[in-house]
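Visitor: sequence and predicted structure are below.
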Amino acid sequence: MLIRQLVEFMTPVSCLGCGHEGAYLCVDCLSNQPIRASTCYRCNRLTEHHHTCQACRRNSSLHGVYVGAYYDGIVKAAILKLKFNRSAAAADSLAQLLVRIIGNNDRFDSVTAVPVSPHRQRERGYNQSELIARRLANQLALPYHPLLLRTSSGHQLGSSRADRFAQVRGVFRPIRAIERQRILLVDDVLTTGATAEAAARVLRQAGASSVHAAVAARHRA
């Protein structure tokens, strides 16, 4: 870890959009990313603060989902840098992408990350979602706490939404009880929302008063 940090410090990164040195998403290219309208992540109805709409809340443990961008272009490239090249600088850029969507931090008490499976953690040596979450917590001046363990991979191999939700059921467990905390749950990419929903359900069962998700990107429908 220390060697990798030293290499990153000594090797300047370049913006994936324009090539300017300093960050994978420079200020200009970051500002050029369109800010998505505030909508329910399940049905796309317009809502306030990216909340899950009242109708969908009956079947959801997520109070809302913040999405940095769609999973394409330079945002996709930054996520792949983080996921497969172990680039902490990419986590900084993706956290900045989310800060501009989330705005103020007075709706949350702490930040946590969706954990990866033990196998994936050993294979990569880190959890890319945790890297984003820790940097996001720092930028929002909120504490970061690991709150979940992942007991299996829960690979989402089915083609239907129902298959994907079934395959992640029961893969998370809480590390400790959570006393009426408003949690911001961070993940790198959202597809159907099955993983975030499963994690949020466990956090609610552990005592969280609300759970919002923040994802760097989501796949287009």
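Guide: Yes, it's here.

Visitor: how is the residue most central in space within the chain assigned, secondary-structure-wise?
Guide: By C-alpha atoms, centre = their mean, the mean C-alpha position of the chain lies nearest to D187, the distance being 2.3 Å. Three-state call for D187 (DSSP: H, G, I helix; E, B strand; the rest coil): strand.

Visitor: where do the helices of this protein begin and end?
Guide: Ranges of helices within the chain are 2-10, 27-31, 54-57, 73-85, 88-102, 118-124, 128-140, 161-167, 194-205, based on DSSP state H.

Visitor: so for A217, which of those helices sits nearest?
Guide: The minimum distance between A217 and the helices of the chain falls on helix 73-85, with 5.1 Å, by C-beta to C-beta. Where you see a C-beta, it was placed from the backbone N, CA and C, and this is true even at glycine.

Visitor: re the thing from before, can you flag the weakest of the helices of the chain by average pLDDT?
Guide: Taking the mean pLDDT of each of the helices of the chain, the lowest value is held by helix 2-10, a mean of 49.

Visitor: starting at the chain centroid, how far to stretch 137-153?
Guide: Relative to its parent chain, stretch 137-153 has a centroid offset of 10 Å by C-alpha atoms, centre = their mean, to the nearest Å.

Visitor: now do stretch 102-112
Guide: 13 Å.

Visitor: rewinding a little: what number of residues are in the vicinity of the residue nearest to the residue nearest to the centre of the chain when sequence neighbours are not counted?
Guide: In space, and not counting its chain neighbours, D187 is closest to V114: 4.2 Å by C-beta to C-beta, 6 or more residues apart in numbering. A count of nearby residues for V114, using other C-beta atoms under 10 Å, gives 24.

Visitor: hmm, V114 is touching A198, no?
Guide: No: V114 is beyond contact range of A198, at 9.0 Å (criterion: C-beta atoms under 8 Å).

Visitor: list the contacts of Y126.
Guide: Taking C-beta atoms under 8 Å, 6 or more residues apart in numbering, we find Y126 in contact with R86.

Visitor: look up phi and psi at it.
Guide: phi -170, psi 170 (degrees, to the nearest 10).

Visitor: with adjacent residues omitted, what lies nearest to L62?
Guide: A200 (4.8 Å).

Visitor: what about S31, distance to L25?
Guide: 10 Å (C-beta to C-beta, to the nearest Å).

Visitor: and those two? which has more neighbours close in?
Guide: More crowded of S31 and L25, by other C-beta under 10 Å: L25, with 29 against 10.

Visitor: I'd say that one and A78 touch.
Guide: Yes: between L25 and A78 there is a contact at 6.1 Å, judged by C-beta under 8 Å.

Visitor: got any residues that touch both of these two?
Guide: L16, S93, L94.

Visitor: list the residues that contact the first one.
Guide: Right, the one you point to is L16. Applying C-beta under 8 Å, 6+ apart, the residues near L16 are Y24, L25, C29, I74, A77, A78, K81.
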